[in-house]
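**Student:** compute the structure for the input listed below.
(chains A, B, C and D)
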Amino acid sequence: MFHQTPLKTGAVLLLATAAVVYAFTTGFFGLELLTEVAILAIVAIALDLVAGYGGMVSLCHGALYGVGAYAFASATVLLGWGGGAGMAMAVAGGGAFAWLIGAVSARTHGIFFIMATLAFGQMAYAYFFDSPLFGGSDGMPGIARLDLSGAGLDLNDSRGYALFCTVLALLAYALAATLLRSGFGRTLVGIRANEPRMRALGLPVWRHKAAAFGTSGALAGLAGALAAQHTMYVSPGLLHWTVSGELLIMVILGGLGTLVGAVLGAGVLVFVKHEVARFTDHWHMVVGLVLIATVLSGGRGIFGQIEFLWGRRGARRPEPAATEGSPDHA
Amino acid sequence: MTADASFWIVQTLNALQLSMLLFLLSVGLTVIFGLLHFVNLAHGSLYALGAFVGVSASAFAGSYWAAFAVAPVAVALVGIVLYVALIRRMRNAGPMNQVLVTFGLIFVFLDLFRLGWGDIPLGMAEPDLFSGRTEFLGIVYPTYRLFIIGLGLVVLAALSLLLSRTQLGAIVRAGVDNGDMAACLGINVERVFFVVFCLGCALAGLAGAVAAPVLSVTTDMGTAILIPTLVVVVIGGLGSLRGAIAGSLLIGFVQTFGAVLAPQAAAVAVYALLAVVLILRPAGLFPARG
Amino acid sequence: MLEVRDLSKSFGALAVTQRVSLRVAPGERRVLLGPNGAGKTTLFNLLVGELAPDSGLILVDGRDVTALSVDARARLGLARSYQKNNLFAGLTVHENLALSAACAQGKATALLADSHRDRGVVATVEEVAERVGLSELLDASVDTIPYGARRRLEVGLALASKPRILLMDEPTSGIGPGGINAFHAFLHGLPAELTILIVEHDMDLAFGIADRVTVLNHGEVVFDGPPQEARDSALIREIYLGSWGAEGGGHA
Amino acid sequence: MKLSRTWLSAAAALMLAVPATAHAKDYKVGLLLPYSGVYAALGKEIDQGFELALQTRLGEMAGSKIEIVREDTEVKPPVGLAKTRKLILQDQVDVMVGIVSSGVLGAIRDFVHQSGTPLIVANAGNDDATGARCSRFITRVSFSNGQVNRPMGDWLYNKGVRKVYTLAPDYAAGHQMIETFSAAFKAAGGTIVGGEFTPFRTTKDFGPYLTKAQSAGPDAIFVFYAGGEAISFVKQYASFGVADSVPLYGSGFLTSPLYVNAEGPAAKGVVTSLHYVPTIESPENAAFVKAFSAAYGHAPSEYAVQGYDAGQALVEAVKSGATDRAALAEALGKVRFTSPRGPVEIDPATNNIVQNIYIYETVQGDGTLTQKILDVAKAVRDPVSGCQK
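**Tutor:** Numbering: from 1, shown residues only, chains lettered A, B, ... in the order given. Have a look, this model is predicted:
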């Protein structure tokens, strides 16, 4: 069950402070990385919401993210809408697509759910890859960023945009935390722990799962809109399953079912990758070895391990291990 | 236009050839899934390893058959190392951790291939014995492709015999049906797992060596084949030989005839099929356990 | 209240429920008896919708619910506890009960309010915990509490959804004589208007609590009547002693 | 390769060259290539060619130092754009060189254009990059997808081929290459009897397509495939025996010297067109092949020459006296020099290269396969399709 523990609050505040300090001290490339981390953190939070708390491990969040990016691009470039309407479109698009996937896949579990989401994600990828309307494999250029000059913000400035994305990531965290503390979130955890029992208690489980997946997709769609504005360009590569795979790595690396871990995982993966890439072209191997080491060292992920150690200090009862719960057959 | 009977016979053979390649890969994956409850995403990388080792072996010995012999053995050896170092202790670590570790392995293998064999795609010659084409039923067909079909059928027959007639097979079947029960019967489950894992790896290596003369050998071939193989396994149902062959045939035929009849939809067809199967049969067509 | 007409279910050649008809009045305490394999749990599964019957009807308050899903029937006030503990692993007792209570009180989908701190939910959780004797263990994880406590929580989960019809599948299995006495008291403490169906092996307990007894054998209703009659029935004695006598009518 | 910074100094060469002016301008070059991912081999070739050109012609730059900052695109458009921003904003490079994938080029085009940084494209062939989406800051020294294939239309018709079946991967480059060829072939009087676009980088088995192509009864098959797909395609084409009845033609990447030996005997007799083959007979090419082979241990491919000419174009622009970004962009749009691939110049109307296209056959050489040039289309220039600089 999710608890916004003092440890979590502290970690979030620390991360937010670090992001702001970094934004004012780093160079242009650092700002690119920060923006990337903030955007990926939103998708990772979205993924942790369903995978870590709902037990729905998805391999289509890259596709949801991509759908959001394309929705923003189509709304602003093809339809000529404003940035705000574009963002709304991205949230709606990601949410609607995810709701559909969730509704259809709700009956499947475990590896079958993973594969069902993979199938839908890859279908979306193939669609955008082949669609002349959206530029096919070349993607869509010419995307403008949201105009917040009225509020005194210049998003075309790298620092302004990085901070904007950081704030949205923070809001995404707050939203996810609120949702997980609500009845909706409690029930979601109940479904993960024992889906048949939840049904026997009168919950229309598929509807709840679809709603949760849709919410997650809406968040992913928001991140997609930010990504589209960040690069001012969208391409089908965003939807590819390997993007979903990397998102899953972030969440697990940071600590599945800890929410803060998703943010941490996004940051660690992006920065490790870039740091390693400065020294070798073979950064894949380093990332791979880091992943293996993470699992061998307990499998809780970074923040999961921190919470575990914190809990062992006797301050609090530790969170239940972030593995799939199974019905009690004692 | 000569889209007559011979055209469809050739396309059917194409579909069978693709099915058999998929079968060689997916059967190992599905049995490891079913028996060890282990999600090995690096299975595709083992296939790529088989292809790379095959290229080197055949270049070194000057004969295709060196690849055919060496690749399965080499990949099985790597499988032993993986099993002892990782898989054994990951078996009870939950699917998420397994996914993460084997994802990490994919990355490691990717760069090992780059370091060992470079970035440029490689090729491998067909064996002289099966080069050229064979004429039958009024059609002409590449002999090597017939060899692949034959090999797939031989492996299928051997595995079904192994499963139905031998003690090992009985244990494996019992283990897939109910792992706890097999353990209760005092069977050394650990050793059976080990043998099955190595056999699965050897088959992946064999598939790599067999596919190399038809395809190009590239560093990303393992990741590229992973998804179709997973699709086969999931459509067929985890852990069943019947599921693996049914899934392979289904995907092989859908992909081939999709390419012929509706090329624009070919890219989506396999995923659409997967989605439909999962909606109608959430545990695949032939799930091994109730 | 709850009515079953000609309900049948087979698995292949094995008929597990054969033309079963029942009629349970509001507030009635009905005990289902029968040897192992008589089809009692199957009947429960059919009643709550976890299995679909081959034929026959199930009515709640005169309304045909045969085609309704598990959750839809639960929302009509049908709740069950399981023969094997079926709890929310990894969560606390409070969280377990709150999940059930929130579901019944329409708080399960609240987007902002924490359902587990909701006043109505907390009141139900505390009341149910009191009834099943878990007040001291509310903050303990269900993975760490003793078996007997888990068994009581199993019933508590069903009860927390404030059902109108409560189906309990061997609630006393494995909890020893002390537990059985406590269960007896618990049952007497339940609201009189609650309709209850219990699958029970302990004959003494069964006859002690039942308003009426239904005996199943090989999927068929072989007896339906007041407990005194059941006690005197030669047929029941034969069935029970035939298959259960050797084990002393006990519970595993 | 480690993504290092390289300083190339003319100090040693200075003794022989003209005395330097007091304040020779130093240049910073951002080399943006895939060093990992599927196109890593291409990135490496271009990098090597580029460095060779600078080393060879360093003495001509009047004491200027060139600093190279390398960045890896990973063949991902968002990564490419982030790295572009870094090179332009943070490293403040004077000029950018590289770009293998058209997807990455599409992603960075607007930013490069708005920032006014000159970019020398050393591979990405998307027609639009020097067409509707051209920029006065973007100069392409490699090729355009249309340019490489257009001459084959006439040439095939003149060889007596009347009916052609086409195959290519289903993505932008595949479509552009095939559409340009088809238009030229039809304009010459030929007929396209059919064609298919195969799923990009997921097609492993070309059997179904080859069988279908054969049954359409064409005189020839014209295809575009590159890299691993090219190897698979050529080998499967040979194994089906299609070669006996229907000859194979295509875009020259199909039998690129980079991987033609992986195709083996199956590639023999395949005729394709490309802007460079190592067997071009000219003093420039002889010197280039010799120097490249000596430096890197293998013969150069078309990708190496693209990198080499990107370096040459840069040297020419520097020699013209351009010092800032705008002047460099201006100068790059006008360069002309003799490349290993023959005389080349930049078309001021589009900023695309004007070059010879070689129609060659892959034949057996001493131990390895080699390229026999059959014909040359001189100074092939792209039409100005929608480019307003």
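**Student:** ok, now which ones touch the residue lying closest to residue A:202 once chain neighbours are set aside?
**Tutor:** Nearest in space to residue A:202, with sequence neighbours left out and distances taken as CB to CB, 6 or more residues apart in numbering or on different chains, is residue C:74 at 3.3 Å. Quick note: C-beta positions are derived from backbone N, CA and C, even for glycine. Contacts for residue C:74 were tallied using CB atoms under 8 Å, 6 or more residues apart in numbering or on different chains; they are A:199, A:200, A:201, A:202, A:203, C:48, C:161, C:163.
**Student:** pull up the residues of chain C that are close to chain B.
**Tutor:** For chain C, no residues are found near chain B under the criterion CB under 8 Å from any CB of the partner chain.
**Student:** name only those of the contacts of residue C:74 that count as buried.
**Tutor:** A:199, A:200, A:201, A:202, A:203, C:48, C:161, C:163 (16 or more other CB atoms under 10 Å in any protein chain shown).
**Student:** of these, closest to chain D?
**Tutor:** Distance from chain D was checked for each of those by CB to the nearest CB. The minimum falls on residue A:199, at 38.7 Å.
**Student:** need phi/psi at the closest one.
**Tutor:** Note on residue A:199: backbone dihedrals following degrees, to the nearest 10 are phi -70, psi -40.
**Student:** same thing with residue C:124?
**Tutor:** In this entry, residue C:124 is assigned phi and psi values of phi -60, psi -50 (degrees, to the nearest 10).
**Student:** I'd guessed it sits against residue C:163; true?
**Tutor:** No. Residue C:124 sits out of contact with residue C:163 when judged by CB atoms under 8 Å, with a separation of 12.0 Å.
**Student:** what is the neighbour count of the residue in the stretch 1-150 of chain A positioned nearest to chain C?
**Tutor:** With CB to the nearest CB as the measure, residue A:1 is the residue of the stretch 1-150 of chain A nearest to chain C, at 5.3 Å. Look at residue A:1: counted by other CB atoms under 10 Å in any protein chain shown, it has 21 neighbours.
**Student:** now do residue A:107
**Tutor:** Using other CB under 10 Å, residue A:107 has 18 neighbouring residues.
**Student:** how many neighbours does residue A:3 have?
**Tutor:** 13.
**Student:** could you confirm it falls within a strand?
**Tutor:** No. Residue A:3 is assigned coil when assessed by DSSP: H, G, I helix; E, B strand; the rest coil, not a strand.
**Student:** now do the helices in the stretch 51-200 of chain B.
**Tutor:** B:64-82, B:88-90, B:95-117, B:143-165, B:167-177, B:179-184, B:189-211 (DSSP state H, counting those that start in this stretch).
**Student:** and the fourth one, how far out from the chain middle?
**Tutor:** Computed by CA atoms, centre = their mean, to the nearest Å, the chain-centroid distance of helix B:143-165 equals 13 Å.
**Student:** what about dumping the CA coordinates of that helix to CSV?
**Tutor:** These are the backbone C-alpha positions of helix B:143-165, laid out as CSV (Å, rounded to 0.1, in the frame of the first residue of the first chain):
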residue,chain,number,x,y,z
THR,B,143,17.6,-27.1,-51.3
TYR,B,144,18.9,-25.5,-48.2
ARG,B,145,15.4,-24.3,-47.3
LEU,B,146,14.2,-27.8,-47.7
PHE,B,147,17.0,-28.8,-45.3
ILE,B,148,15.7,-26.3,-42.7
ILE,B,149,12.2,-27.7,-43.0
GLY,B,150,13.5,-31.2,-42.6
LEU,B,151,15.7,-30.3,-39.7
GLY,B,152,12.7,-28.6,-37.9
LEU,B,153,10.6,-31.7,-38.4
VAL,B,154,13.4,-34.0,-37.1
VAL,B,155,13.9,-31.8,-34.0
LEU,B,156,10.1,-31.8,-33.5
ALA,B,157,10.0,-35.6,-33.7
ALA,B,158,13.0,-36.0,-31.5
LEU,B,159,11.6,-33.7,-28.8
SER,B,160,8.2,-35.4,-28.8
LEU,B,161,9.8,-38.7,-28.5
LEU,B,162,12.0,-37.4,-25.7
LEU,B,163,9.0,-36.0,-23.9
SER,B,164,6.7,-38.9,-24.3
ARG,B,165,9.1,-41.9,-24.1
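**Student:** which helices and strands sit right next to that helix?
**Tutor:** For helix B:143-165, the helices and strands in contact under the criterion 3 or more CB pairs under 8 Å, 6 or more residues apart in numbering or on different chains; DSSP states H and E are helix B:5-36, strand B:133-136, helix B:167-177, helix B:189-211, helix B:241-261.
**Student:** right, and those - which one's nearest residue C:18?
**Tutor:** For residue C:18, the closest of these is helix B:167-177, at 29.6 Å, according to CB to CB.
**Student:** packing partners of the closest one?
**Tutor:** Packed against helix B:167-177, as judged by 3+ CB pairs under 8 Å, 6+ apart, are the following elements: helix B:5-36, helix B:143-165, helix B:179-184, helix B:189-211.
**Student:** in the last one, what counts as buried?
**Tutor:** Buried residues in helix B:189-211, counting neighbours by 16+ other CB under 10 Å, are found at B:189, B:192-194, B:196-211.
**Student:** what of the longest one?
**Tutor:** For helix B:5-36, burial by neighbour count (16+ other CB under 10 Å) applies to B:6-7, B:9-11, B:13-36.
**Student:** just want the angle from it to helix B:241-261.
**Tutor:** Compare the direction of helix B:5-36 with that of helix B:241-261 by axes from the mean of the first three to the mean of the last three CA atoms, to 10 degrees and you get 140 degrees.
**Student:** run the chain-centre distance for helix B:5-36.
**Tutor:** Computed by CA atoms, centre = their mean, the chain-centroid distance of helix B:5-36 equals 8 Å.
**Student:** residue D:69 belongs to a strand, doesn't it?
**Tutor:** Yes. Remark: residue D:69 belongs to a strand, assigned using three-state DSSP.
**Student:** show me the contacts for it.
**Tutor:** Residues near residue D:69 by CB under 8 Å, 6+ apart: D:5, D:28, D:29, D:30, D:31, D:87, D:91, D:93.
**Student:** of those residues, which belong to strands?
**Tutor:** With strands identified by DSSP state E, the entries of those that belong to them are D:5, D:28, D:29, D:30, D:31.
**Student:** how deep is the residue of the stretch 51-200 of chain A found nearest chain C tucked in, by neighbour count?
**Tutor:** Across the stretch 51-200 of chain A, the shortest distance to chain C (CB to the nearest CB) belongs to residue A:183, at 3.1 Å. Neighbourhood size, residue A:183 [other CB under 10 Å]: 27.
**Student:** quick one, what contacts it?
**Tutor:** Contacts of residue A:183 (CB under 8 Å, 6+ apart): C:102, C:107, C:108, C:109, C:110, C:111, C:113, C:114, C:115, C:116, C:118.
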